[in-house]
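**Q** I'll drop the sequence and a predicted model, then ask my questions.
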Amino acid sequence: MDIKLEIENLIKESLKKIDIGFLKNIEIVHPDILDHGDYTCNIAMILAKKENKNPRELAEQIKAYISNHEYIEKIEIAGSGFINFYLSKKFYQFSLKEIFEKKENWGKNQILRGKVFLAEHTDPNLFKEIHAGHLMTNAIGESIYRIAGFSDADTKNITFQGDVGLHIAKAIWGIKNIGEELPKNKIPFEKQKFLGQCYVFGEKNFSENEDVKNNILKINKNIYTREDDEQNKIYDLGCKWSLEYLETIYKLLGSKFDYYFLESETFKDGQRIVEENIGKIFKKSNGAIIFEGSKYGLHDRVFINSEGLPTYEAKDIGLFYKKWEKYNPDISMTVTGSEQEQYFEIVQKAGGMINSEWEEKTVHLAHGKLKLSSGKMSSREGKIIRAQEWINSAIESIIDKMKDREIDEESVKEISKKIAIAGIKYSILKVSAGKDIVYDEKKALDFAGNSGPYLQYSYVRANSILKKVEEINLDISVRKGNISGLEKLIYRFPEEIKKSLKFYSSHYIANYLYELASEFNFFYGNTKILDKNNEDYFYNLVLVKSFAQTIKNGLYLLGIETVDKM
RNA sequence: CCUUCCAUAGUUCAAUGGAUAGAACAAGAGACUUCUAAUCUCUAGAUCUAAGUUCGAUUCUUAGUGGGAGGACCA
């Protein structure tokens, strides 16, 4: 049952009865303040001028013709002509039962039923350490992926890994010339770290030394042609190490990919397609093949360089091709940093001229930069924040906080990982998509305040109550006491999911969960829930259970796990 | 120079064109014989500037100011 739709229909019927103009869109929203009712409608103010009437009078008239509904307790006219709807106790009783019964399905919708939804994110480069930006695209991409799944789409979680290109050549040159033995260490991170150092070494020399530069360009060519056996050995080993390491990171972050696209797999198709369209879409210029974005208000970009090698642009064209060949998506989402926004526009434009679907069905989500406000990792200008350091620092900090708990050491380790990831992901996702994130470790990991751990803690509190109860009887009557803010918020969960999907921004869910948790903690502080003499004893248990379920489902959509104790 | 994004309490963020612009942190005051006080309650504090659109603007348009990003062989 969709109460919003019911209200909309009541208003439409009323309008018909008074015989005023029918409106396509009747806006029904939640007022900012809970005291102003559960839903409000501004239609009287919109119609007033056209009908040449006073908005408040018109509102009264509309109200008079709205028929009774068992889920609406009263209707009031307020302000300059708002029609406010107050839901009945029966409605809240009904909504709690619904949540209780739907369990892990609570909040789902069918908006994307029958659609193939491709979520591409994280996109690491092999031979390089992954940094804060990758964590951001992961947090955002994984969350939207899960929301699309909740909306009944046929979802595919994918990532595009850079295994060919200049960055690899720099790293290989680095491995050969850094003057260090290959690490014998078995820990994936240590091996990856070594590769990362070699890359940095190569990158530095590339820009400083002309001979090295030429050498690296040659290595780059060999990567594509695989002519040099010795180089191939180093290359293959490095790829293996990188992929091993990335897998450990994905696991820690809670991402499972359906498919890993590799640049080595897309560049040939990309190059072929670009070359086939020379003269039509692309154009030769100074030995390179370019797309003249400047004709469309964008700027020109090189797709195949004068060495005859594909740039990232051509690889992305190849990726379009591969994605459609493999999945034929209805929506293909890609998450990257905002510095690639204009770049992506050009690739999308060029791609759209090859196959219009590539442009029309692609959604590009950009996220801002990560900035650190303070703490151990406080940012020096230009310093890259390594993902591993970021995560480790968070885990250590949580372990330190938990050291006085009566929880065994192994569990603390496991729990701390989940709390640390929650803190990091939540601080990324609570901000509306596309903006820079200022990360304050102390605030992000605080068990109080607007943080991921606070939500996890609220869940723990709710669960510790439920654990003390043997069975919860769902056969509840309407609440005898006053309806709490918790009930007034909890039924709105599905709306927040839809909003997050519509605007591709998980922050609606994040902020909603925070508000809900605050209402729960208020309720918790003012109610003796386990008091059997309470006239609403069973009702409250169902409410707590519903709350716990909502938090669990909501955190899942943010890519965050719940914990049993903390 | 061109393109593009952003501007809200001391700080970090909210607010499909709506009512008294909401939170968190920091500051001040208070609440534990209690289901985890790791919580809760109360107090003080903000829309960059100027025009325009309208019943009504933080939100839309234009101009300005300040900041970020991008602009051919990197990604």
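**A** Sure, I can see it. Numbers count the residues shown, from 1 in each chain, chains lettered A, B, ... in the order given.

**Q** What strand or helix carries the residue lying closest to A:Ser88 once chain neighbours are set aside?
**A** Spatial nearest neighbour of A:Ser88, excluding adjacent residues (CB to CB, 6 or more residues apart in numbering): A:Glu73 at 4.0 Å. Bear in mind the C-beta positions are built from the backbone N, C-alpha and C, glycine included. Following DSSP states H and E, one finds A:Glu73 within strand A:72-78.

**Q** now what about that strand, what contacts it?
**A** A:7, A:10, A:36-37, A:44, A:56, A:59-60, A:63, A:66, A:83-89, A:91 (CB atoms under 8 Å, 6 or more residues apart in numbering).

**Q** ok, the residue nearest to A:Ser88 - how many residues close by?
**A** Close neighbours of A:Glu73, defined as other CB atoms under 10 Å, add up to 16.

**Q** can you tell me which residues contact A:Tyr413?
**A** Rather than Tyr, residue A:413 is Lys. Shown in contact with A:Lys413 (CB under 8 Å, 6+ apart): A:Ile399.

**Q** cool, the one 3 residues further on as well?
**A** Applying CB under 8 Å, 6+ apart, one finds that A:Ser416 lies in contact with A:395, A:398-399, A:402.

**Q** excluding its backbone neighbours, what's nearest the closest residue to RNA strand B within the stretch 251-400 of chain A?
**A** Nearest to RNA strand B in the stretch 251-400 of chain A, going by CB to the nearest atom of the strand, is A:Asn305, at a distance of 2.1 Å. Nearest residue to A:Asn305, sequence neighbours excluded (CB to CB, 6+ apart): A:Ala288, at 5.3 Å.

**Q** what's the answer for A:Tyr92, then?
**A** Closest residue to A:Tyr92 apart from its sequence neighbours, by CB to CB, 6+ apart: A:Glu487 at 4.5 Å.

**Q** ok, then the element right after the one helix or strand the one you found maps to?
**A** Under the criterion of DSSP H and E, A:Glu487 resides in helix A:485-490. Using DSSP H and E, the helix or strand that follows helix A:485-490 in sequence is helix A:493-502.

**Q** what's that following helix in contact with?
**A** Applying CB under 8 Å, 6+ apart, the contact partners of helix A:493-502 are A:4, A:106-109, A:111-112, A:144, A:147-148, A:150-151, A:506-509, A:512, A:516, A:550, A:553-554, A:557.

**Q** Of the residues you listed, which belong to helices?
**A** A:4, A:144, A:147-148, A:150, A:507-509, A:512, A:516, A:550, A:553-554, A:557 (DSSP state H).

**Q** Of these, which are in range of RNA strand B?
**A** A:507-508 (CB under 7 Å from any atom of the strand).

**Q** Now do the same contact list for the residue in the stretch 351-500 of chain A positioned nearest to RNA strand B.
**A** Minimum separation of the stretch 351-500 of chain A from RNA strand B (CB to the nearest atom of the strand) falls at A:Ala448, amounting to 2.2 Å. Contacts of A:Ala448 were listed using CB under 8 Å, 6+ apart, and they are A:Tyr454.

**Q** Sounds good, over and out.
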